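below is the sequence, then the predicted model.
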Amino acid sequence: MLLPDKAIRCITLFKKNGYECYVVGGFIRDTLLNRSTSNKALDFATNATPQEMLTFLPNAKYENKFGTVIVPLKDSANTLHIKKSEYLENEYFEITTYRSESLYKDKRHPENVTWGTRIEEDLSRRDFTVNALAYDGKRFVDIYNGVHDLKKKCLRAVNNAQLRFEEDALRMLRAVRLASQLQFTIEKETYDALQSKAKNLSFVSAERIRDEFFALLSSKNAMEGLLHLKDTGLLQSIVPELYPTFLCDQKSPKRHHLYDVGTHLIKSLRACNNTDPIVRLATLIHDIGKPKTRSITKEGVVTFYNHEIIGTQMAYEIASRMHLSKKDTIRLTKLVRYHQFSVTEDQTDSALRRLVRNIGKENINDLLDLRVADRIGSGASPSSWRLDLYKKRLIQVQMQPFGVRDLVIDGNDVMRLLNMKPGPKVGKILDVLFTQIEIGKLENKKKVLTEYLKKIDLKALV
């Protein structure tokens, strides 16, 4: 296996100073799997302590207690003899001192860090066998049969799975995420440990859970990953609101749904081509309000009136729990709130404009992606002639202004053309222009609006 030249130069520098240094973890794993490693950070392990590393890496930074030294390549290029063309502007190496086992009291971080002296000792404390691999360009270290598991497409914890997940509860979510991304199966003892230790995920910060969960949502195999989360109980610490959806049947006369709500949601996620994690989360939870609104009419028809309203409030609570930004919270709740928009050929332009105004021009394509995924997740075709027509009309109505700010002329133009001074009348004139355009009597063209202004009755404006 070939390592990048910049990695070899780093390893060479360590050896010249009397220390071991290996590339470890995900880069080795993905290289052996022939997965792209172009954007993957290089992680190293060494028997040099952080203080010893800083003696020959003067521009490196050591600002943690876990033995990881950050080496910005831009600042250390001369020291490492790396050409400018070999690294990105903000690229860096993470080089961590070998560590031995220690006590984890908070289910996340080691209580004490003890430096190790051998690479084998360091690999023994890693999470999964496929990550417990090390290579220095000459020597390949695989003491836990990680290569064998790569060939079998099997994810297995290093040594005792129960202990690995007791040490760091986030490893459980990482196991499901990795299995989903790599399309691996999870070995039985490891899977059993996920189930028995699932409650420990509640000890992990919301931000770390969110980041791993979003990475899982973005994978091609996200549906299977969600089922693993559900079946192991890990989902209870992430989106517990999803559990009732799998018990919510929606089959009834004159309804096209083939699945319960939960199955529909994860099938919709699998069908979603949009890679934005907020859009994918919205797709996963767009019908999350259905269990709370389910009722049956006298005719035996199952209904979910206002489920999008209830679902919007639930989406807001989920966003708060995940510590999403205000911007992402607004996007998520809007997509859930308006996913139920009607698609009929007799929709007026005003109705379409109202939808665009509510969801926002910047989110309209995301909403359409959600709708297509919703259709596929229901067992329907990706589109229909009505939806295709609706999309064309949405493009057309967006060519018209949605407010005074979209007019081709502004207040300065009005004052210049009508020889007016600044004041409330300027705004009222712009409102008149916008109204005339909205009802179809004027076009939003400078010449048209200029001619109309020349004829406007200023005295009629109160």
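Perfect, I can see it now.

close enough to count as contact, M172 and Q162?
No: in this structure, M172 is not within contact of Q162 by C-beta atoms under 8 Å, at 11.0 Å. Any C-beta I mention is one placed from the backbone N, CA and C, and that applies to glycine too.

now do the shared contacts for these two.
193, 197 (C-beta atoms under 8 Å, 6 or more residues apart in numbering).

what bits of the stretch 151-300 of the chain have low per-residue confidence?
For the stretch 151-300 of the chain, applying pLDDT under 70 flags the ranges 253-256.

just the helices in it please.
Shown for the stretch 151-300 of the chain, the helices assigned by DSSP state H, counting those that start in this stretch span residues 161-167, 170-182, 188-197, 206-217, 222-232, 261-271, 277-285, 290-293.

with distance to Y390 and mean neighbour count as extra columns, can I get those helices in CSV?
Formatted as CSV, these follow (distance: least, C-beta to C-beta, whole Å; neighbours: other C-beta atoms under 10 Å):
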stretch, distance to Y390, mean neighbour count
helix 161-167, 48, 20
helix 170-182, 33, 24
helix 188-197, 43, 18
helix 206-217, 27, 19
helix 222-232, 27, 21
helix 261-271, 19, 22
helix 277-285, 19, 25
helix 290-293, 24, 20
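
tell me which of those helices lies nearest to I409.
Nearest of the helices of the stretch 151-300 of the chain to I409, taken as C-beta to C-beta: helix 277-285 at 35.9 Å.

only the C-alpha atoms, please, for the closest one, written as PDB.
Output of helix 277-285 as PDB, limited to C-alpha atoms (Å, rounded to 0.1, in the frame of the first residue of the first chain):
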ATOM      1  CA  PRO A 277     -28.500  16.900   6.200                       C
ATOM      2  CA  ILE A 278     -31.300  19.300   7.100                       C
ATOM      3  CA  VAL A 279     -33.400  18.300   4.100                       C
ATOM      4  CA  ARG A 280     -32.700  14.600   4.900                       C
ATOM      5  CA  LEU A 281     -33.800  15.100   8.500                       C
ATOM      6  CA  ALA A 282     -36.900  16.900   7.300                       C
ATOM      7  CA  THR A 283     -37.600  14.000   5.000                       C
ATOM      8  CA  LEU A 284     -37.200  11.500   7.800                       C
ATOM      9  CA  ILE A 285     -39.600  13.400  10.200                       C
END
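
residues in contact with that helix?
With C-beta under 8 Å, 6+ apart as the test, helix 277-285 has contacts from 214, 217-218, 222, 226, 239, 241-242, 265-266, 268-269, 272, 274, 311, 314-315, 318, 324, 328, 331-332, 335-336, 339, 366, 369-370, 373-374.

my guess is K421 contacts M415, does it?
Yes: using C-beta under 8 Å, K421 is in contact with M415, at 6.9 Å.

so those two - more neighbours on which side?
Using other C-beta atoms under 10 Å as the criterion, K421 and M415 rank with M415 on top: 16 against 7.

checking the closest residue to that one other than its chain neighbours next. Helix, strand or coil?
Closest residue to M415 apart from its sequence neighbours, by C-beta to C-beta, 6 or more residues apart in numbering: V426 at 6.1 Å. Following DSSP: H, G, I helix; E, B strand; the rest coil, V426 is assigned to helix.

residue contacts, V426?
When contacts are counted by C-beta under 8 Å, 6+ apart, V426 touches 411, 414-415, 420.

just the pLDDT for it.
Per-residue pLDDT puts V426 at 91.

follow-up on the earlier one: give me the buried entries from the contacts of helix 277-285.
214, 217-218, 222, 226, 239, 241-242, 265-266, 268-269, 272, 274, 311, 314-315, 318, 324, 328, 331-332, 335-336, 339, 366, 369-370, 373-374 (16 or more other C-beta atoms under 10 Å).

show me these that map onto strands.
Using DSSP state E, no member of the buried ones among the contacts of helix 277-285 falls in strands.

can you give me the end-to-end distance of stretch 235-244?
12 Å (C-alpha to C-alpha, to the nearest Å).

what comes up buried for it?
Applying 16+ other C-beta under 10 Å to stretch 235-244 flags 235-239, 241-242 as buried.

next one: stretch 135-145
Within stretch 135-145, judged by 16+ other C-beta under 10 Å, the buried ones are 135-137, 141-142, 144.

show me those that map onto strands.
135, 141.

out of the buried residues of stretch 135-145, which is nearest to T97?
Checking those against T97 by C-beta to C-beta gives D136 as the nearest, at 15.5 Å.

and the residue nearest to that closest one when sequence neighbours are not counted, what does it touch?
Take D136 and drop its neighbours on the chain: the residue closest to it by C-beta to C-beta, 6+ apart is Y22, 4.7 Å away. Residues near Y22 by C-beta under 8 Å, 6+ apart: 11, 44-46, 119, 134-136, 139, 141.

redo these as TSV? Include distance to N200 and pLDDT.
Converted to TSV, those look like this (distance: C-beta to C-beta, whole Å; pLDDT from 0 to 100):
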residue	distance to N200	pLDDT
I11	37	97
F44	30	97
A45	26	97
T46	31	97
I119	29	96
A134	28	97
Y135	32	97
D136	35	96
R139	36	96
V141	30	97
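
can you redo the buried residues of stretch 235-244 as a markdown table with distance to A351?
Output for the buried residues of stretch 235-244, formatted as a markdown table (distance: C-beta to C-beta, whole Å):
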| residue | distance to A351 |
| --- | --- |
| L235 | 37 |
| Q236 | 41 |
| S237 | 41 |
| I238 | 37 |
| V239 | 32 |
| E241 | 31 |
| L242 | 32 |
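
tell me how far the residue nearest to M415 lies from N419.
12 Å (C-beta to C-beta, to the nearest Å).

and D231, by the same measure?
For D231 relative to N419 (C-beta to C-beta), the value is 74 Å.

from the chain's centre, how far out does stretch 418-425 sit?
Put simply, stretch 418-425 sits 49 Å off its chain's centre (C-alpha atoms, centre = their mean, to the nearest Å).

now the end-to-end length of it.
11 Å.

for that stretch, buried residues please.
Those would be K425, for stretch 418-425 by 16+ other C-beta under 10 Å.

need the contacts of V426 in a markdown table with pLDDT, secondary structure and distance to R156, can you?
Shown next, in a markdown table, are those (pLDDT from 0 to 100; DSSP: H, G, I helix; E, B strand; the rest coil; distance: C-beta to C-beta, whole Å):
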| residue | pLDDT | secondary structure | distance to R156 |
| --- | --- | --- | --- |
| G411 | 91 | helix | 68 |
| V414 | 91 | helix | 72 |
| M415 | 92 | helix | 74 |
| M420 | 88 | coil | 77 |
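
show me how this protein divides into domains.
If you go by automatic domain parsing, the domain ranges for the chain are 5-152, 158-238, 240-399, 404-460.
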